[in-house]
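Colleague: Kindly generate the corresponding structure for this input.
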Amino acid sequence: MKLIFTLIFSLATLFAYGQEKRPGIFYGDAQYGADHYILDLSWEGLHNFPVQALSPTIRVLILDHNNLKEIPNNITAMKNLRTLSLRDNDLQSVNKVLDLCDNLEELYLSNNPNLTELPYTLSNCKKLKIIDVSNTGIRQPPAWLRGMKQLYYFKYTKIVTGDKKK
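Modeller: Below is the predicted model:
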């Protein structure tokens with residue numbers, strides 16, 4: 001009887017509270033800037049890059065926790081894009097045309113386990129300051145990264161075996 005009660009209580013708790021965690025968002029009263037637009041389509045179950053995300057007015061695009069496999073060529077229409085976050089998707093690669101997003105400053109690609117390399121063309125992003133590829137298949141900084149003088153932060157996941165770091 002105790003086992004049945006525990007099972008029913010566990011199922012009721014799961015049903016009532018759920019297991020999926022989603023971020024809460026609070027929008028304050030302050031203006032972020034007259035021309036500063038944020039589009040957050042996280043947790044939407046997207047399989048394709050959304051058309052509304054390709055607006056040239058968007059400066060911050062957050063597409064975390066979806067099922068995206070690629071970045072389309074027409075992302076170059078986003079002339080004002082400053083921050084692109086594609087964390088926790090299923091990216092296989094990063095589109096080589098991303099370097100044509102002239103104002104890109106921050107690129108977040110963590111938790112895309114099938115992502116194993118970054119295109120050399122990212123070295124042409126003259127304003128790119130932050131790249132996060134932690135928990136991907138990228139285990140060391142690409143050689144071309146050293147030539148990016150404006151780059152401030154590159155986060156990746158090292159493989160540590162014993163006392164040696166790779």
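Colleague: Break down the protein into its helices, ranges please.
Modeller: According to DSSP state H, the chain carries its helices in the segments 2-17.
Colleague: can you give me the strands for it?
Modeller: Using DSSP state E, the strands of the chain run over residues 37-40, 58-62, 83-85, 106-108, 130-132, 153-155, 160-161, 164-165.
Colleague: now those in JSON lines, with mean neighbour count, distance to S123 and mean pLDDT?
Modeller: C-betas here are computed from N, CA, C, even on glycine. Shown next, in JSON lines, are the strands of the chain (neighbours: other CB atoms under 10 Å; distance: least, CB to CB, whole Å; pLDDT from 0 to 100):
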{"stretch": "strand 37-40", "mean neighbour count": "14", "distance to S123": "27", "mean pLDDT": "90"}
{"stretch": "strand 58-62", "mean neighbour count": "19", "distance to S123": "22", "mean pLDDT": "94"}
{"stretch": "strand 83-85", "mean neighbour count": "20", "distance to S123": "16", "mean pLDDT": "97"}
{"stretch": "strand 106-108", "mean neighbour count": "20", "distance to S123": "12", "mean pLDDT": "98"}
{"stretch": "strand 130-132", "mean neighbour count": "19", "distance to S123": "11", "mean pLDDT": "97"}
{"stretch": "strand 153-155", "mean neighbour count": "14", "distance to S123": "12", "mean pLDDT": "95"}
{"stretch": "strand 160-161", "mean neighbour count": "8", "distance to S123": "27", "mean pLDDT": "72"}
{"stretch": "strand 164-165", "mean neighbour count": "8", "distance to S123": "25", "mean pLDDT": "53"}
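Colleague: pLDDT score for the spatially closest residue to K129 that is not a sequence neighbour?
Modeller: Nearest residue to K129 in three dimensions, chain neighbours excluded: Y152, at 4.4 Å (CB to CB, 6 or more residues apart in numbering). As summarised for this prediction, Y152 has a pLDDT of 93.
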